[in-house]
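Undergrad: sharing a model prediction with you, sequence too.
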Amino acid sequence: MDTLTDRQQAILDFIATQVGREGMPPTLAEIAREFGFRQPRSAQAHLQALEAKGMLSLLPGKSRGIRLATPPVPEASLALPVLGAVAAGQPIGDAEAEGPLLLDRALFFPRPDYLLRVRGDSMRDDGIFDGDLIAVHRTPEAQDNQIVVARLDGDLTVKRLRRRKDGIQLLPRNPDHAPIEVPVGAVFAIEGVYCGLVRRG
């Protein structure tokens, strides 16, 4: 692929930003205005050069007839890494990370930072099943009864948090599993809070 000039790269970045933000490419007039060209045909010449280098294609007769060779990630989407596995049962150690997934931002609250794959069925009554991907917002703080990803003596688990006067419990949502008591002196930390899940059919 031919190397782009600085101006060509700037125009390509502008088009990608507009597509990601507005869902459509800019017009020639908008590109000319952004880059200070006196005539839209100056913008057209740069677009033709980008087309010749395989960066985009031009659709004749359309005011927004620009199609990027590599569409940008829409602003309404999130690219979330799968950082490993988390136990819905007994805590487990870190697992191998997987590649990122592109997901709709509206599916989650608060905004997640990463995904973990669930192993086990201890959270089934909260609708979290073995093999699901849970979205996690990274934070060391959580409210009582909130679903959290917790690290206990180096291992991860997903449970409901219960704070009591005499200590902390990690509660399953399956009667086949017993609550996990956090022992005094244990190395315990909240890694994040649950904010949604992804289930592939």
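TA: Now that the structure is in, tell me what you want to look at.
Undergrad: so the nearest residue to residue 124 once chain neighbours are set aside: helix, strand or coil?
TA: The shortest distance from residue 124 to any non-neighbouring residue, by C-beta to C-beta, 6 or more residues apart in numbering, is to residue 174 (5.0 Å). Where you see a C-beta, it was placed from the backbone N, CA and C, and this is true even at glycine. Secondary structure of residue 174, reduced to three states by DSSP: H, G, I helix; E, B strand; the rest coil: coil.
Undergrad: who does the helix or strand where residue 149 lies pair up with?
TA: Assigned by DSSP states H and E, residue 149 belongs to strand 147-152. Taking DSSP bridges as the criterion, strand 147-152 sits next to strand 155-164 (antiparallel), strand 188-198 (antiparallel) in its sheet.
Undergrad: I'd like the average pLDDT over the shortest one.
TA: Okay, so that is strand 155-164. Mean pLDDT, computed over strand 155-164, is 94.
Undergrad: need the CA coordinates for the helix or strand bottoming out on mean pLDDT in the chain. PDB is fine.
TA: One helix or strand of the chain scores below all others by mean pLDDT, DSSP states H and E: strand 98-104, with a mean of 76. Written as PDB, here are the backbone C-alpha positions of strand 98-104 (Å, rounded to 0.1, in the frame of the first residue of the first chain):
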ATOM      1  CA  GLU A  98      -9.100 -13.500  24.500                       C
ATOM      2  CA  GLY A  99      -9.400 -10.900  21.700                       C
ATOM      3  CA  PRO A 100     -11.600  -7.800  22.000                       C
ATOM      4  CA  LEU A 101     -15.300  -7.800  21.100                       C
ATOM      5  CA  LEU A 102     -17.200  -4.900  19.500                       C
ATOM      6  CA  LEU A 103     -20.400  -4.300  21.500                       C
ATOM      7  CA  ASP A 104     -23.200  -1.700  21.800                       C
END
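Undergrad: give me the angle between it and strand 188-198.
TA: For strand 98-104 against strand 188-198, the angle between stretch directions is 60 degrees (axes from the mean of the first three to the mean of the last three C-alpha atoms, to 10 degrees).
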